[in-house]
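Engineer: All I have is the shape, not the residue letters:
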């Protein structure tokens, strides 16, 4: 049957063998999505989208699948699924569906979601999760329409570096070694050194303390192997990661860290990744010390960066307090939705 708006041509992608048409389709859709959700970022380029595909192809932590919807020569939608290969959360399939504004309300989103539902049923995955942003109201409406419910509200904040309070950074940097004299800050290279992988994995497992609202997600597994794979993914994408850790002097254990990510394709934005401190080491200003030292280096060595972007679960009060003090401003609200696979299947069948 010739594809119509309600029965698009669905094309699974082989990320290792993308045709020129497929590359152009992915670029078109990612450009449209970014223009809606983060309009002040540098638009994606053919090169940056190609690097992203190569990163996805090389990584081994997650089984990923991508399908494009076509109407004639135009890519009109995309579904991306991701499932852990690490042995954690075998019940879960992460799903992202995107349809450009001009193509919505024509059945494309449901056709793309059906791809993910069929995959989840075949793989016996009982739960789907996906994200909507408040700048695109259609996302929340679509989620509710297939029976999904909010599981976590997350806030995206940005700090204009020109407004960073140097006096505050200096104060936190002075207070750090005074309040935590048994720790020293150490820079860890990219890729992670083999000698640090075990320590880093143990520390990063503490990120499972971050509140996840009502999401039915278990602990995420972090091992030396998963860290090596993450490094390979970052290199293929062209990401540069900086890691600053707090090391206990007595035994060399890592008790806290903060990480940021920068990519030359979007040079004005630095992404703040996780900041984590072991539970038994909290309350002594390590998080503030780490953040202050990182921001000071960014100011010195990354003059291209205009904004630092970070994301916090709405109930993560300690990290929210640090970011509020630094001057981060709310720019976007994301909602992570969850729906049982059988519920979504029934909704699509109606």
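Structural biologist: It's in. Just so you know, these numbers come straight off a predicted model, no measurement behind them.
Engineer: What segments of the stretch 201-350 of the chain are helices?
Structural biologist: All helices of the stretch 201-350 of the chain, identified by DSSP state H, counting those that start in this stretch, fall at 224-237, 286-301, 317-326, 341-349.
Engineer: Give me the contacts around the second one.
Structural biologist: So the one you mean is helix 286-301. Around helix 286-301, the neighbours that count as contacts under Cβ atoms under 8 Å, 6 or more residues apart in numbering are 161, 164, 168-170, 172-173, 175-177, 179-180, 183, 185, 242, 244-246, 255-258, 260, 270, 275, 277, 305, 308, 318-319, 322, 326. Using the backbone N, CA and C atoms, a C-beta is placed for each residue, glycine as well.
Engineer: what residue ranges in the stretch 251-350 of the chain score low on pLDDT?
Structural biologist: Scanning the stretch 251-350 of the chain for pLDDT under 70 picks out the ranges 314-315.
Engineer: again, only using 90
Structural biologist: 312-320, 350 (pLDDT under 90).
Engineer: Repeat that for the chain.
Structural biologist: For the chain, the stretches with pLDDT under 90 are 1-8, 58, 209-212, 312-320, 350.
Engineer: And stretch 70-83, what's buried?
Structural biologist: For stretch 70-83, the neighbour count (16 or more other Cβ atoms under 10 Å) marks 70-71, 75-83 as buried.
Engineer: brain fart, stretch 144-152
Structural biologist: Those would be 146-148, 150-152, for stretch 144-152 by 16+ other Cβ under 10 Å.
Engineer: now do stretch 150-161
Structural biologist: Result for stretch 150-161 [16+ other Cβ under 10 Å]: buried residues 150-152, 154-159, 161.
Engineer: can you redo these as JSON lines with distance to residue 224?
Structural biologist: As requested, the buried residues of stretch 150-161 are exported to JSON lines (distance: Cβ to Cβ, whole Å):
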{"residue": "150", "distance to residue 224": "35"}
{"residue": "151", "distance to residue 224": "30"}
{"residue": "152", "distance to residue 224": "28"}
{"residue": "154", "distance to residue 224": "28"}
{"residue": "155", "distance to residue 224": "32"}
{"residue": "156", "distance to residue 224": "30"}
{"residue": "157", "distance to residue 224": "32"}
{"residue": "158", "distance to residue 224": "33"}
{"residue": "159", "distance to residue 224": "32"}
{"residue": "161", "distance to residue 224": "34"}
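Engineer: hang on, the earlier thing: buried subset of the contacts of helix 286-301 as a ChimeraX selection?
Structural biologist: Those of the contacts of helix 286-301 that count as buried under 16+ other Cβ under 10 Å are selected in ChimeraX with:
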select :161,164,169,172,173,176,180,183,185,242,244,245,246,255,256,257,258,260,270,275,277,305,308,319,322,326
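Engineer: Could I get the contacting residues of the nearest residue to residue 261 once chain neighbours are set aside?
Structural biologist: Sequence neighbours aside, residue 271 is the residue nearest to residue 261 in space, at 4.4 Å (criterion: Cβ to Cβ, 6 or more residues apart in numbering). Residue 271 makes contact with 260-262, 308-310 under the criterion Cβ under 8 Å, 6+ apart.
Engineer: and what of residue 212?
Structural biologist: 151-152, 313.
Engineer: coming back round to it: would you list the contacts of residue 271 in JSON lines and tack on distance to residue 42?
Structural biologist: Formatted as JSON lines, the contacts of residue 271 follow (distance: Cβ to Cβ, whole Å):
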{"residue": "260", "distance to residue 42": "17"}
{"residue": "261", "distance to residue 42": "15"}
{"residue": "262", "distance to residue 42": "12"}
{"residue": "308", "distance to residue 42": "16"}
{"residue": "309", "distance to residue 42": "13"}
{"residue": "310", "distance to residue 42": "19"}
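Engineer: For the nearest residue to residue 334 once chain neighbours are set aside, list each beta-bridge partner.
Structural biologist: Distance criterion Cβ to Cβ, 6+ apart; nearest residue to residue 334, sequence neighbours excluded, is residue 154 at 4.6 Å. Beta bridges link residue 154 to residue 313, residue 334 when assigned by DSSP bridges.
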